[in-house]
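*Asks:* can't give you the sequence, but here's the structure:
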């Protein structure tokens, strides 16, 4: 962890720069008693010097982290024998990995010969030189920046404004990370998906009825062409989501109604935190519960009623997912119900309606847009839910609407395609990104609509 | 209409029906509320019922001769190659001298975990003076014996239906009569990494992995989240750009976590070539995942600081940056910390994105740094839940109990912090 040491020493240097800058500002002002002659408080001169010492060096460090491995690899590869350099990109990659493993002293997957050993030694050598170079450069840049800033200190220097400008930019940078994340998601998923659609036509992916992504590892293997028709995955996802909604929407809604209209303050005080606990349980725990407790129960109950139930039935996964989503629905419905002006409720009660009539005929219709928005968010949550279905739903793609059969979902397939050993650019791996793109687009649409409906609705009654 | 009803009569007629409807509606509401609470009860009951036994483990007492011939054949103690397993086997043979025949003996050896050999090695390493003596030691029993003692294997079943033979059960009963079988606190669960043998598997590796990941997440997401919240609340002009950022943050909070895993795989591992399975990468992914949570909570905390504070500071000549960092931020800090804790507890329970970046590997070693291969507590739960052995199901429940205990502590801390520091203006 040499970079950690480097960052720590840079921070120490910045702290030193702060004190130098601060004392220098007092010195140029003519001693501690004359601080009022300065444009800014002495501390700001300290920060000014510290920023100049720290920021350029940190930028260098980050740039280095990105560039250095590539340069080292390029150098090592350029010194490999020509026969190895001429390898196709994939094999060359593998070779580089082996060199890296060898250099780190790990197990290597090929026979080690001299050229490889040389390359590994070279790799270690270049890395070592790189580390030294980085340390010297970063320390040099820090001292240089600090010294320059230190020399520029004079009573008229508007240190506070400059420091505040830097702070402002840092704040902007921090808030842009949210945008960068979204762009990163879109780009990373989109590029791989486009590569996938170059191998498999988009129409087959969107409308094909057969999903079996087992592609061959060797070219001469039997059954080498996988088929990538994603319709069974979409229907499977929809089936489980539908089951979850059948559980979550009525239960969540009625819970919100009961807590808002009927329950005593004490019951509400106990029930609400309990529902929050339900919302806070990790999904992997729900998955475990679904697979080991609910699924066998569904199976035995179903069979005693004369149904044929698969052990990984969609029903078990959907039921547990529905329970997981109850708190989300009930809290959003609660918000919507509370946003309805109490004058409407009072009016209905004043005209002689019972509480349930007021709720059913006045409050719920008025709260409907908010509730619908909340349900959309819940659907998006169910579609994107991963661990429950990975643990409790099946792997085989079945095109069925029977809740007792095993179906698979988009998220399950993403996980199974990406967990395990595979080449990064095989159609199988890329298919996961295509599925991820579909998932992102669908949930994004649901979220945007849901959030804007919920917000607009809230504003309407404010 | 020979007998027109007055309005009063019309209402009175319908009243019974309407009151019944009212009662039905109320009951449905009560039932719906009960569903959630009931599930919670059933859930915790099954969890405790299944998992509590994993905190204890069966040990067998054996008189093991730490023979000098085996441990130090050339006069020097040879920790790496000495046949400690052989010592355990000899002790078992001495306990049951009547057992002969290869397959019978092999069955006998299976009563004790292979961890017994490691235990002997550690013992000798810690105190070489023990070599040559005979020690009466409690060594871990194999997981099947453990299950039998805990009553998870039905001895009355036909021998072909259970993993222990009749003979093995007889031996165990004899050991039990001699008082040589006992259940003790399962220390291995908290001091070992993962293992293929259930009786040796522990969650320490996963806990350390989670710890390192949360460290990265906290160090990155808290400052960035607070900075972003400050900008959006205090400085951002109301324009398209800040609207876009706002919509974006709200959306990111609702993006499925697995998509963040895809991002991590493509950007951090494929493009930046960071190591697979490393807590560093996991922490980076979880940072992106928790940022929206922290930003939203921090904004709420900043909003709660009354404008009079800002105006007073401005009136005394503070710059807008000074107002924020000297006055608003300290007052909003408790709310921000609460948000951070809630964000961290969400990150601790998250597993789907970690599957994408290779943190599902079978890793025995306890990670010692940010770049060592590691797994996380929820992922360990997922891995164990997939294992067919009965004993792993029990351990899965125990790991879940530990995970939930951590989450509970974190959320309690958040609640207490909020109650303590909450200020009414």
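*Replies:* Now that the structure is in, tell me what you want to look at. It should be emphasised that the depicted structure is a prediction, and the values quoted were computed from it without experimental measurement.
*Asks:* now residue B:139, nearest residue through space, not along the chain?
*Replies:* Closest residue to residue B:139 apart from its sequence neighbours, by C-beta to C-beta, 6 or more residues apart in numbering or on different chains: residue B:116 at 3.8 Å. Where you see a C-beta, it was placed from the backbone N, CA and C, and this is true even at glycine.
*Asks:* now the one you found: how far from chain A?
*Replies:* 29 Å (C-beta to the nearest C-beta, to the nearest Å).
*Asks:* wait, what's in contact with residue 184?
*Replies:* By default, I'm working from chain A. B:263, B:267 (C-beta atoms under 8 Å, 6 or more residues apart in numbering or on different chains).
*Asks:* to clarify, I was referring to chain B.
*Replies:* B:56, B:57, B:59, B:138.
*Asks:* ok, then the element right after the longest strand along chain B?
*Replies:* Longest strand in chain B, counting residues (DSSP state E): strand B:56-65. Note on strand B:56-65: by DSSP states H and E, the next helix or strand toward the C-terminus is helix B:68-71.
*Asks:* and that following helix, what does it pack against?
*Replies:* With contacts defined as 3 or more C-beta pairs under 8 Å, 6 or more residues apart in numbering or on different chains; DSSP states H and E, helix B:68-71 has these neighbours: helix B:84-95.
*Asks:* who touches the closest residue to chain A within the stretch 251-400 of chain B in this structure?
*Replies:* Residue nearest to chain A within the stretch 251-400 of chain B: residue B:256 (2.4 Å; C-beta to the nearest C-beta). If you count contacts by C-beta under 8 Å, 6+ apart, residue B:256 has them with A:380, A:381, A:383, A:384, A:385, A:386, A:411, A:439, A:440, A:443, B:352.
*Asks:* try 6 Å
*Replies:* By C-beta atoms under 6 Å, 6 or more residues apart in numbering or on different chains, the contact list for residue B:256 reads A:384, A:443.
*Asks:* distance of it relative to residue A:65?
*Replies:* When C-beta to C-beta, to the nearest Å is the yardstick, residue B:256 and residue A:65 sit 29 Å from each other.
*Asks:* residue 154: what secondary structure?
*Replies:* Let's take chain A. For residue A:154, the assignment made with DSSP: H, G, I helix; E, B strand; the rest coil gives coil.
*Asks:* that's the wrong chain, I wanted chain B
*Replies:* Using three-state DSSP, the three-state assignment for residue B:154 comes out as coil.
*Asks:* what's the closest non-adjacent residue to it?
*Replies:* residue B:162 (6.8 Å).
*Asks:* just residue B:398 next, same as before
*Replies:* Spatial nearest neighbour of residue B:398, chain neighbours left out: residue B:54 (3.5 Å); criterion: C-beta to C-beta, 6+ apart.
*Asks:* give me the contacts around stretch B:347-358.
*Replies:* A:282, A:284, A:386-387, A:415, A:418-419, B:217, B:257-258, B:260-262, B:264-265, B:269, B:276-277, B:281-282, B:285-286, B:290, B:376, B:378-379, B:382.
*Asks:* at 7 Å instead, please
*Replies:* For stretch B:347-358, contacts defined as C-beta atoms under 7 Å, 6 or more residues apart in numbering or on different chains pick out A:282, A:284, A:386-387, A:415, A:418-419, B:210, B:214, B:217, B:257-258, B:260-262, B:264-265, B:269, B:276-277, B:281-282, B:285-286, B:289-290, B:376, B:378-379, B:382, B:406-407.
*Asks:* what is the distance between that stretch and the centre of its chain?
*Replies:* 12 Å (C-alpha atoms, centre = their mean, to the nearest Å).
*Asks:* and residue 44, what element?
*Replies:* You didn't pick a chain, so chain A it is. helix A:42-78.
*Asks:* oops, I was thinking of chain B
*Replies:* helix B:7-51.
*Asks:* dump the residue contacts of residue 22.
*Replies:* I'll assume chain A. Neighbours of residue A:22 in contact, by C-beta under 7 Å, 6+ apart: A:42, A:43, A:45, A:46.
*Asks:* my bad, chain B
*Replies:* Contact partners of residue B:22, counting by C-beta under 7 Å, 6+ apart, are A:354, A:355, A:356.
*Asks:* can we see that at 6 Å?
*Replies:* If you count contacts by C-beta under 6 Å, 6+ apart, residue B:22 has them with A:354, A:356.
*Asks:* look up the pLDDT of it for me, please.
*Replies:* With respect to pLDDT, residue B:22 has a value of 93.
*Asks:* what about the nearest residue to residue A:414 once chain neighbours are set aside, how many residues nearby?
*Replies:* Residue nearest to residue A:414 in three dimensions, not counting chain neighbours: residue A:432, with 4.7 Å by C-beta to C-beta, 6+ apart. Using other C-beta atoms under 10 Å in any protein chain shown, residue A:432 has 27 other residues around it.
*Asks:* list the buried ones in the helix or strand that residue A:432 is a member of?
*Replies:* Under the criterion of DSSP H and E, residue A:432 resides in helix A:427-461. Residues of helix A:427-461 classed as buried by neighbour count (16 or more other C-beta atoms under 10 Å in any protein chain shown): A:427-440, A:442-444, A:446-448, A:450-451, A:453-454, A:457.
*Asks:* chain neighbours aside, what residue packs nearest to the residue in chain A that chain B sits nearest to?
*Replies:* Nearest to chain B, among the residues of chain A, is residue A:384, at 2.4 Å (C-beta to the nearest C-beta). Using C-beta to C-beta, 6+ apart and skipping residues adjacent in sequence, the residue nearest residue A:384 is residue B:256, 2.4 Å away.
*Asks:* name the SS class of residue B:211, please.
*Replies:* Assignment for residue B:211 (three-state DSSP): helix.
*Asks:* any idea how far it is from chain A?
*Replies:* Counting by C-beta to the nearest C-beta, the separation of residue B:211 from chain A is 16 Å.
*Asks:* picking that back up, wait, the residue nearest to residue B:139 sits on residue B:138?
*Replies:* No - proximity of residue B:116 to residue B:138 does not meet the contact threshold set by C-beta atoms under 6 Å, at 9.7 Å.
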